[in-house]
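Trainee: Model the structure of this input:
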Amino acid sequence: MQTNKVQPLGIRLSAASRIPLHRQLFDALVSRIHDRTFPAGFRLPPTRALAAELKTHRNTVVRAYEDLHAAGFVESTVGRGTFVAEA
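Mentor: Residues are numbered from 1 along each chain as shown. Sure, this is the predicted structure:
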């Protein structure tokens with residue numbers, strides 16, 4: 001029997017920061033992509049799962065993922081997920 005449990009990413013956001021939450025998340029993910037903690041092909045958690053982990057609104061995660069896609073860091077396919085793009 002397979003489980004669909006998503007591994008926590010260990011990212012923390014600070015509501016006290018002047019940096020918007022979606023930008024904090026974007027920066028944290030880009031950092032992990034650059035240092036190859038998240039290599040090409042790595043599947044990012046679904047937006048709802050990551051929002052629950054971060055205790056933030058799903059729109060925060062959606063915006064960060066959209067920004068990552070626009071910057072070429074990830075590729076998304078409806079029904080498959082969001083994956084780190086090839087360099």
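Trainee: Now the nearest residue to residue 81 once chain neighbours are set aside: phi and psi?
Mentor: Computed as C-beta to C-beta, 6 or more residues apart in numbering, the closest residue to residue 81 that is not its neighbour in sequence is residue 43, at 5.1 Å. Bear in mind the C-beta positions are built from the backbone N, C-alpha and C, glycine included. Per-residue torsions, residue 43: phi -90, psi 120 (degrees, to the nearest 10).
Trainee: wait, residue 43 sits on residue 82?
Mentor: Yes. Judged on C-beta atoms under 8 Å, residue 43 makes contact with residue 82 at a distance of 7.1 Å.
Trainee: Bridged to the residue nearest to residue 81, which residues?
Mentor: Per DSSP bridges, the residues bridged to residue 43 are residue 83.
Trainee: can you pull the pLDDT of it?
Mentor: pLDDT for residue 43: 97.
Trainee: higher neighbour count, residue 43 and residue 82?
Mentor: Each of residue 43 and residue 82 has its neighbours counted (other C-beta atoms under 10 Å); residue 82 has more, 21 against 13.
Trainee: what about that one, distance to residue 53?
Mentor: Distance from residue 82 to residue 53, counting by C-beta to C-beta, to the nearest Å: 15 Å.
Trainee: One more: residue 47?
Mentor: Note on residue 47: its distance to residue 53, by C-beta to C-beta, is 11 Å.
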